[in-house]
Structures are given as structure tokens and as C-alpha cells.
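J.: Below are the sequence and a predicted model; questions follow.
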Amino acid sequence: MPLDLVFKNVRLVGREAPCDIGVADGRIVAIEPSIAADALVEDIGGRLAVAGFVETHIHLDKSCILDRCRSEHGTLAEAIAQVAAAKKNFTEEDVYARAKRTLEKAILQGTTRMRTHVEVDPRIGLTSFRAIRRLKRDYAFAIDLDLCVFPQEGLLNDPGAEDLLIQCCEDEPDTIGGCPYTDTDPHGQIVRIFEIARRYDLDVDFHLDFDLDPTWTHLDEVCRQTDRFGWGGRVAIGHVTKLSAMPEVARAAVGRRLADAGVALTVLPATDLFLMGRGHDHDVPRGVTPAHRLAEQGVTCSIATNNVLNPFTPFGDCSMMRIANLYANVAQLGRAAELETCLDLITAAPARLMNLPDYGIAVGNPADLVVLDAHDPAGAIAEIAVPLAGWKRGRRTFSRAPAVLHRDDVAAE
Ligand SMILES: [Zn+2]
């Protein structure tokens, strides 16, 4: 088969020696020690490449609003109230412009697949949904965007929210989400979301158990309904900071329950660190659930960004590498195998969470490739390796020149 493009001298996760990758018609058609072909050649120089980062949980629609909000207490309740107030002035163009800024940063940081949670309720209506759907179309050249519509401020307590969610579902979103902890009837919301998911054949992704009280959970009910609806493998839950407050034995029991039910879990270190433990004036709990431990038990886990430059998280460069390094730091991971797991939690594992069977550098898959300024997975996480270039379906989407040191000693050059 004639090739359009050959990546030479690429290191891949799980492969000892560098290899060449042949691309035809936007797909990977060969991975060999050496490929000779009359095609465009990109020499990767022995650097590590991944199929791009997979961001399972981000809020593009409410990113970049710090200039419109206060963050005095830094609590979850304040963040929800501040964003609810700011949301009243969102327009489609405004949402599009802010989301575009955030999405472009993510693409430049090497993200090629993303699930964005989009708020739908009687205050915002379908404004954000429409804006993000346009964005999905406009940036399809660089990233596959999965829209997860959800009611951030409750469902059963918010007349009109369900009708709007149903309207979105008629317009073919990718995923449906929920936020039981803001509902007056959390279990009722969980069941209702599963009913809508079944009706429209959608995967489910809940914001869940976002506090540090280990004495009760909504996770039990999500597992119960996952079993009841036969939705195993199609359900994810995000935050779940409660698990960080549980002793290991109790947490391991929850891990087995999640693995058995086929419920995946996303940890959001930046937001969890920023919002949790605000009542403590010393020995502040980290509030970050140990995704790597749950992954060891067979739970599909990911690490993700969540919020960017808003009262939930007033930080953010959309770098998945930085978030994975932050997680490693907080979770006290430093051995090579542990750091390799951190890379897995932002690449292959989240692709499983999102049910993306064509993700990965393998023959037959789309030629999505992101080159990192690193030579091995552990080093990439330890040093927050810079993404130097990316391709989506065989077409280059970004490039970044390596930094150059300019010495004052001319003779040394
Ligand atoms: Zn979120």
C-alpha cells in the first residue's frame, strides 16, 4: 500500500526499541523496526510518542470567568453559587469564545480526545450546548469532543431542567451526566438519569461524592442502578473525594464494588486540592482519591483537568502532563512503574473509560500521534515533558520548537 507519511525513530509505551510508523489515508497501516517508502518522512529522533492525551472531564463552557466571580472562601458551595450567578450573563458567542480559548490550549498541550461537561438548566437553557456543539464541529480537525450534558444545580428540584435535558438528548449529545449532591433527591436524580440514558442509549458520567465525609456515599446507589439497568462499562463517576477519607480496608471494598459493577472513576486533583479541606487550619487533607490503587483493583480510572480559571479551580494551562505530575506528587508516587501508571491514567485508561476502541498507536487506528520531549514514560511524567508536535488522522495539528539555551560564551558554540 502506498504510504502518505512515515514517522521514523519513534519510541512507544511497552516497546523496547524505537520503530517506524507508516500512515496512509489518515490511518496507521504499519509499525515496523524500519519502513522504507516514497513518502513524507518525519524524524521523531527517538522521542516518546502517545496517541494524544484523553481528557475525560473538563468544563469548557464555564472556563475563563475569574474576572466575573469572587472566590473568598474557596469552597464548593461558593464556587457553585458564583458560577450560577455569572451564568445568567452567558451568551452563545461568549461561551464559544471562552471555550475556544481553553480548547485551543488543550490541543496545543497534546490532547486529542476530550469529554466536556455542559451545563443545561432553565437559567442557561441550551445556550452553552449550542456553543459547544459548534466548537466540536469547528475543531474536529484536531480533537474528538464528547459532549456530556448535565444539570449542575439539580434535576428533580429544578422544574424545567429535565425538559431541557431531553431536548439536548433529541439533538444527539454523546453522554449524559448528573450531579446528585446538588439535588434535593439525590437517589431520585440517579434513577432518572439512568432512565434517560437508557431511552437515548447514552453513557453516563456523574459528579459524585464530592466531600470528605466517609460515613455515607451516593456511589452505592450508582453501582446498584448500574447493575439494575445493565449499564456496566458505560458509567463513570468524577471527584469521589470521599474515598480519600476512607481507611484502606473500606476503600478497597468500594474498589471491588466499582470493579464488579463496571463503574469507572475520574480523579480531578487540581479542583479537589483547591476546594477540599477548607475547614482545617493545619494538616489540611489532600482530598485526592488514589486512582492508582483503585486501578490496581481493576477499576477503570483516569486523571483529568475539570475546571480552568474559574472559582472551582483558578488555575489551568490544560496540560494533562502537569496534572499527572501533580497527581504523582500528591499521591507520593515516584518509582518508575508508578510514574508509568500515571501516564496510563491520561492516555489508554481514560480511552477505556470513554469507550474509544480506536484509540492508541496500533495498525488500523487513526494516525493520532503526539510527540513528547522525553524518551520513556516515567521520565515524561517526572519532568512534565513538553509536547513538541501533534498529528490528528495523519495531519499535523500543532508544533512547538524545543527551547534553546543562548550562552554568552561565543567560543563554546
Ligand atoms: Zn466537573
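T.: Perfect, thanks for sending it.

J.: So what touches the one helix or strand residue 329 maps to?
T.: Using DSSP states H and E, residue 329 sits in helix 320-330. Applying Cβ atoms under 8 Å, 6 or more residues apart in numbering, the set of residues contacting helix 320-330 from outside is 53, 55, 109-111, 267, 269-270, 273, 286, 288, 291, 303-305, 333-334, 338-339, 342-343, 345-346, 372, 380-382, 384-387. In this view, the C-beta of every residue, glycine as well, is placed from N, C-alpha and C.

J.: Can you say which of those are buried?
T.: Among those, those buried by neighbour count (16 or more other Cβ atoms under 10 Å) are 53, 55, 109-111, 267, 269-270, 273, 286, 288, 291, 303-305, 333, 339, 342-343, 345-346, 372, 380-382, 384-387.

J.: Can you tell me which of these end up in helices?
T.: 269, 270, 273, 291, 339, 342, 343, 380, 381, 382 (DSSP state H).

J.: can you redo those residues as JSON lines with pLDDT?
T.: Below are these laid out as JSON lines (pLDDT from 0 to 100):
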{"residue": "269", "pLDDT": "98"}
{"residue": "270", "pLDDT": "98"}
{"residue": "273", "pLDDT": "97"}
{"residue": "291", "pLDDT": "98"}
{"residue": "339", "pLDDT": "98"}
{"residue": "342", "pLDDT": "98"}
{"residue": "343", "pLDDT": "98"}
{"residue": "380", "pLDDT": "98"}
{"residue": "381", "pLDDT": "98"}
{"residue": "382", "pLDDT": "98"}
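
J.: What is the nearest of the residues you listed to residue 76?
T.: Taking Cβ to Cβ as the measure, residue 273 is the one of these closest to residue 76, at 12.7 Å.

J.: Can you pull the phi and psi angles for residue 213?
T.: Residue 213 has phi and psi values of phi -100, psi 110 when expressed as degrees, to the nearest 10.

J.: So that it lines up with my notes, have the first residue be 825 from now on.
T.: Fine by me, first position is 825 from now on; the one you just mentioned is residue 1037.

J.: ok, and the closest non-adjacent residue to it?
T.: residue 1066 (6.5 Å; Cβ to Cβ, 6 or more residues apart in numbering).

J.: What residues does the one you found make contact with?
T.: 1033, 1034, 1035, 1036, 1037, 1038, 1041, 1043, 1113.

J.: Whichever of those end up buried, select them in ChimeraX.
T.: In ChimeraX syntax, the buried subset of those is picked out as below (16+ other Cβ under 10 Å):
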select :1033,1034,1035,1036,1038,1041,1043,1113
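
J.: separation between residue 1072 and residue 1161?
T.: Going from residue 1072 to residue 1161 by Cβ to Cβ, to the nearest Å gives 20 Å.

J.: tell me the secondary structure for residue 1107?
T.: Assigned with DSSP: H, G, I helix; E, B strand; the rest coil, residue 1107 falls in the coil class.

J.: how much space between it and residue 1055?
T.: 39 Å.

J.: and if you look at residue 1001?
T.: As judged by Cβ to Cβ, residue 1001 and residue 1055 stand 14 Å apart.

J.: Tell me which of the two has more neighbours.
T.: residue 1001 (29 against 20; other Cβ atoms under 10 Å).

J.: Secondary structure element holding the more buried one?
T.: Assigned by DSSP H and E, residue 1001 belongs to strand 999-1002.

J.: Contacts made by that strand with the rest, please.
T.: 939, 941, 970-975, 979, 989, 993, 1013-1014, 1017, 1020-1021, 1024, 1026-1031.

J.: Please repeat the previous calculation with a cut-off of 6 Å.
T.: 941, 970, 972-974, 1013, 1017, 1020-1021, 1026-1030 (Cβ atoms under 6 Å, 6 or more residues apart in numbering).

J.: How about stretch 1088-1095?
T.: By Cβ under 6 Å, 6+ apart, stretch 1088-1095 touches 880-881, 1060-1064, 1112-1113, 1115, 1118, 1123-1128, 1130-1131, 1136-1137, 1139, 1150-1151, 1154, 1177.

J.: In the stretch 975-1124 of the chain, mark out all the strands, start to finish.
T.: Remark: strands assigned in the stretch 975-1124 of the chain by DSSP state E, counting those that start in this stretch are 999-1002, 1027-1032, 1059-1063, 1087-1091.

J.: a markdown table please, covering those and showing distance to residue 887 and mean pLDDT.
T.: A markdown table is the format used below for these (distance: least, Cβ to Cβ, whole Å; pLDDT from 0 to 100):
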| stretch | distance to residue 887 | mean pLDDT |
| --- | --- | --- |
| strand 999-1002 | 17 | 97 |
| strand 1027-1032 | 16 | 98 |
| strand 1059-1063 | 16 | 97 |
| strand 1087-1091 | 17 | 98 |
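
J.: before we move on, back to that, which one of the contacts of strand 999-1002 sits in the busiest neighbourhood?
T.: Neighbour-wise, these (other Cβ under 10 Å) top out at residue 1029, 29 neighbours.

J.: Help me confirm that it comes into contact with residue 972.
T.: Yes. Residue 1029 is within contact range of residue 972, at 5.2 Å (criterion: Cβ atoms under 6 Å).

J.: Distance of the nearest residue to residue 990 once chain neighbours are set aside relative to residue 925?
T.: Ranked by Cβ to Cβ, 6+ apart and with sequence neighbours excluded, the top spatial neighbour of residue 990 is residue 1020, at 6.9 Å. Relative to residue 925, residue 1020 is positioned 31 Å away (Cβ to Cβ).

J.: Which element, helix or strand, includes residue 830?
T.: Short version, using DSSP H and E: residue 830 is in strand 829-834.

J.: any idea what residue 847 is structurally, helix, strand or coil?
T.: strand.

J.: can you tell me which residues contact residue 936?
T.: If you count contacts by Cβ under 6 Å, 6+ apart, residue 936 has them with 876, 967, 1192, 1216.

J.: repeat that for 7 Å
T.: Residue 936 is in contact with 875, 876, 877, 967, 1192, 1194, 1214, 1216, counting by Cβ atoms under 7 Å, 6 or more residues apart in numbering.
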